[in-house]
Every structure is written in structure tokens, then in C-alpha cells.
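>>> Here is my input; please provide its structure:
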Amino acid sequence: MRITDTADLWWKNAVLYCLDVETFMDWNDDGVGDFTGLAQRLDHLVDLGVTCLWLMPFYPTAERDDGYDITDFYGVDPRLGNHGDVVEVIRTAHDRGLRVIADLVVNHTSDQHPWFKESRRSTDNPYRDWYVWRSDTPPDTSDQVVFPDQEDSIWELDEKTGEYYLHQFYKTQPDLNVTNPVVRDEIAKIVGFWTQLGLDGFRMDAVPFLLDTSGNADGEARALPDPHAYLRDIRAFLDRRTNGGILLGEVNLPFEEQLEFYGGTDGDELTMQFDFIGMQATYLSLARGDAGPLVTALQGRPATSPDSQWATFVRNHDELTLDKLTESERQEVFAAFGPDPEMQVYDRGLIRRLPPMLAGDPRRVRMVYSLLFSLPGTPTLFYGEEIGMGEELSVGSRLAVRTPMQWTSGVNGGFSRARASKLPGPVVTGGYAPEFVNVADQRKDPDSLLSFMKRLIARRRECPELGWGALEVLEQPHAAVLAHRCTWDDGSLVAVHNLSAEPVRVPLVLTDCAEGHLLADLLQDGSTPIDDRGQVELALEGYGHRWLRVVEPGTRRLL
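Next comes the predicted model:
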């Protein structure tokens, strides 16, 4: 492989940034973020160093699920702008070197979507088969609901026709019937439409639910002969319509099942998938001060096609789910990072951002982000992480972390000059309010979290081995320390992270290194020589972290 090959599979060395246009920047001061405001803030993202912008749903919506209940897949929420504004943002982003992807939410629609309104008019309506219906009384499905605080079944009775429709999520979000070829064609048109306007791919929502076509109609099972063949069709269609477009899938399943959604080792289905297992193990390791759970998760990742990739993260736009941990493990994380019931949701997750969970300790916060960016995969940030935003627990549920972006210390955090009552949600209060946490102040401070994140991202972009290389966990005696190495082409990077407050000295053996090799620090000045047996000892402060490039004699690699 050559360094130039990284341009073909650009997403393997990318840094993703997720935002909701509605809460990012309001430019016309009506209280709601808009595409014009986003365009004005693209240079902030470029300065930060991210390379791919992920837009949460911006389509017309019934506003029952924060934009994920869509009423027009081809439209733009008029509060946010119009198609021209979307194109301007995409074109300006491309000019700045940013790629743009958006949420593809085709498992369901809003119950206010014209398709569903037609579907429920009568049992013989042409749109009836666009959704999944059954005439017999469904069995108890309370154990299958995604939101147990809101729903007790995945079937809902439609009073007008006397039949039940399937909804894996809220009852206001009926599932589309992808066994219907007309529906599959329509989904392809949606993908084609937005790629024609310049999108570089999609974050695909709830992929397992989309492919689960085992819903009943008149008591008979209906299913695609091969659901993964359909996913391959979507990927192939995207490949035909774009140059390097990606499908980033939300697939919260065990690793072995996730491998199926890549298309196995062929890599012809999803391009990337979020590493939910690694994320949850990270929080368990942080709670225990023991790297063991994270090591187990990283070593449990199955081998994938070179054309596939994991997307790593420590926070996203949903609840911080802990559903893959055991009950006792989950309670450990709850006790450490969200002991109050108001901080928890669905008995499986937390509605907090990282800095408050770590009690605002800047050492721990920086160590966690250093860890995130040093792991093999594509790091993904949720807006506001770069400045250490907190959550607003008074909002409750997943909306606690979807608060207006904090640009300045001024009114509404500089997000909007409208009255607070006009905003899509309250601005964070307390110790993480805009007067304490905002972009403007941190831009001027070389010691701020924002400055640290810029440096971290720049270094990450200079280390393609983190996106392309294989992981090697290095043996050392400290349970609280993760030491790992990634090697690819002529680059090899060693990263060490201390999950405890106690300083340690970490002995390592790099068997392929000898006298004359050294480890050059990438996040601070200095270097450490390696002896003739490949041995080296590294000092780590409490919650310390170091990235070190293996430097061979006569190397031409810039440090």
C-alpha cells in the first residue's frame, strides 16, 4: 500500500462531526438553527480539523421524535431553509475540503406522511402495502419495544380500518414495508436524489430494523428472501451514483452479527459501523480504572474486509446506551457516571455528556479523547464535544444532550438573538453554561480543550496507521494502563493511556526494534530511546496519555 491509496478509501482516515442544524447556529434570529447559520460556521469545523460533516435529519417532520419522524424524504424543513440553502452548504463544505453525509431514515415514516395517510384510508388503497399491516390481534410484544417508557407493543390498532400496523419505534412512526419492490425503488430514488445534490453518503439509521421483515400480514410471515442482498443493492446503487460515497450504519449488535452487515469479508454492504461494543467497554473500564474490558472488546473485533471500517465514539446524539453490558456491569457504570435516576433512561443508558460524567476533571477528559483518537477506526464527534459542553438534565431523555451550541458567553450562548422561549430547547445551565464553556473564549486560550482537540485531530490525520493498521495490545504490568500499537506501511505508533489517578512507569518490549530506534512523542516535546533488546520504559502521570512514533534510523518520516 502507498500513502496515496488513503485518498481512495478516504473515510478510513477521516474525522466525523455530527450536528443538528436546528441547534447549531441560528442566523435569522427566529430561534431555530438554519443552513445559513451552518454555512457561517463551517470554517470553525475546518479549523477544528474534522473532515466529514454528518447532518442529523433536516427533512420536514411532525416533530414527535426530534426530526426522525419524517413527512417528506425529498424536502427540507422550512424552518431550516430550502434546497438551495442545503446545496450552498454542501458546495461550501466541499470547497473547504469537508465531505457531507446525512441521516438516511427509511425504516419508518411519520404517521403524518402522505404515504401513511393514504395507507390507512382503506385496506385496498394503493399505498396500503407500503406499510406492514395485520388483521389478527397481535401477541404480547412488550419485550420488543425500543422505548419502554413510551410504548408497550410494536403493533398499533388503526381504528378506521380495524387492522394493526407495525412500528418498531414510536406508534407515530409506522414501519415501511421493504418487501414491497415499489418501496425499495422509492428508497433508491431518495438516495439518488440527495447524492445528486452533492451528499457524499449517509448515516443509515436502525439498519437491523430496516432488514427485519418478519412482521406478519394476515397471519402469514412476510420477508425478503435475503435481507442482506437488499443491503448490498443499496450499497451498489450508492457506488454507482457517487465517487467514494459511504454507508455508515447504526447496528448495535454483537460483533459476530455486525460482521454480517459489512457483507462478511467481502465488504460489499455497509462501509462503516459504529463500535457500540467498544464504546460501552470504554465506560466500564473508566468506571473500574481497569483497561481490561476495553482490551477484551478491542481484541474481540472480527477481521473485516480492507474496504470496511469501525467508527469509534464516546458520545453520540442518542442516549449513551449500555445495553451490551451485563446488569451488574451496567450498574457499575451507572454508579460511577449517572447515579441519579434523572440521569438514566430506558434502564439501559445515560443522558449525560462526557465532561460532567468525569466531574469536569480536565486530565480525564483529555485522556479519554486521546484514547478515542488513538484507537483503530474512524473517530466521530458530536457537536460541542470539542469545547466540553455539558447536558441539561431538566430536558430529560435523549434531548438532554441536544442543546443549542455554545459559541460565546453572551445571550443564548451566541446561538441566537431570539427570546429563549423561541429556541428549540434550553441552553445548558450551571457549571457548563455558556459563560463558562464556549467556542469564542477557548479559541483564544492555547491551553483550552478546543486547542487540545485541534492538536489531537491534526496528529490523528498525520497517522494513517490508526485508520489502516492492525491493532497490537502490548503487554505491561499495570491493569489501569492500555498500551497498544498500530503499524501500517512505514508508520508505527505506540499509544499508552493511564485510566487511574496514580502515576506509573510502563515497561514495554518492542521486539522488532533495536538500539538506534527511539519513540518520539507526538503530543508533547521529547523522545525516549529504545535499548538493544527493544525495551523501553515510559512515565505516565495520573490519567496521563502519550502518543509515540517508532522512529527507525534514517527515517524520512516527519515527526
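>>> Tally up the residues packed near Gly97, please.
For Gly97, the count of nearby residues is 8 (other CB atoms under 10 Å). C-betas here are computed from N, CA, C, even on glycine.
>>> give the contact list for it.
Val46, Thr51 (CB atoms under 8 Å, 6 or more residues apart in numbering).
>>> Can you classify it as helix, strand or coil?
Classification of Gly97 using DSSP: H, G, I helix; E, B strand; the rest coil returns coil.
>>> cool, the one 5 residues further on as well?
Counting by three-state DSSP, the backbone at Ala102 sits in strand.
>>> Could you do Asp143 as well?
Asp143 ends up helix, using three-state DSSP.
>>> From His317, how far out is it?
The gap separating Asp143 from His317 is 26 Å, by CB to CB, to the nearest Å.
>>> show me where the stretch 251-400 of the chain has helices.
Along the stretch 251-400 of the chain, counting by DSSP state H, counting those that start in this stretch, helices occupy 255-262, 276-288, 292-300, 327-337, 354-357, 362-374.
>>> Would you format those as a markdown table with mean pLDDT and mean neighbour count included?
Shown next, in a markdown table, are the helices of the stretch 251-400 of the chain (pLDDT from 0 to 100; neighbours: other CB atoms under 10 Å):
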| stretch | mean pLDDT | mean neighbour count |
| --- | --- | --- |
| helix 255-262 | 96 | 18 |
| helix 276-288 | 98 | 23 |
| helix 292-300 | 98 | 18 |
| helix 327-337 | 98 | 16 |
| helix 354-357 | 98 | 24 |
| helix 362-374 | 98 | 21 |
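>>> circling back: so Asp143 and His317 - more neighbours on which side?
More neighbours surround His317 than the other of Asp143 and His317, with 18 against 7 (other CB under 10 Å).
>>> Among the helices of the stretch 251-400 of the chain, which comes closest to Asn107?
Smallest distance to Asn107 across the helices of the stretch 251-400 of the chain (CB to CB): 14.1 Å, for helix 255-262.
>>> wait, isn't Ala539 in contact with Arg505?
Yes - counting by CB atoms under 8 Å, Ala539 does reach Arg505; the two are 5.4 Å apart.
>>> For the two, list the residues in contact with both.
With CB under 8 Å, 6+ apart, Ala539 and Arg505 have no common neighbours.
>>> Helices along the stretch 401-550 of the chain, start to end?
Under DSSP H, counting those that start in this stretch, the stretch 401-550 of the chain gives helices at 439-443, 449-461, 465-468.
>>> Now do the last one: distance to the chain's middle.
The reference is to helix 465-468. Chain-centre distance of helix 465-468: 18 Å, with CA atoms, centre = their mean, to the nearest Å.
>>> Give me the contacts around it.
For helix 465-468, contacts defined as CB under 8 Å, 6+ apart pick out 1, 6, 12-14, 309, 373-378, 460, 486-489, 491-493.
>>> quick one: the strands in the stretch 51-200 of the chain?
In the stretch 51-200 of the chain, the strands defined using DSSP state E, counting those that start in this stretch lie at 52-55, 99-104, 133-134, 155-158, 163-166.
>>> So which residues make contact with the last one?
Contacts to strand 163-166, defined as CB under 8 Å, 6+ apart, come from residues 119-120, 123, 131-135, 137-138, 154-158, 174-175, 215.
>>> Filter those down to the buried ones.
Those of these that meet the buried threshold are 119-120, 131-134, 154-156, 158, 174-175, 215, by 16 or more other CB atoms under 10 Å.
>>> Minimum pLDDT in those, which residue is that?
Among the buried ones among the contacts of strand 163-166, Gly215 has the lowest pLDDT, at 62.
>>> circling back to that earlier point, save the helices of the stretch 251-400 of the chain as CSV, and put in distance to Gln344 too.
Converted to CSV, the helices of the stretch 251-400 of the chain look like this (distance: least, CB to CB, whole Å):
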stretch, distance to Gln344
helix 255-262, 26
helix 276-288, 13
helix 292-300, 20
helix 327-337, 6
helix 354-357, 12
helix 362-374, 20
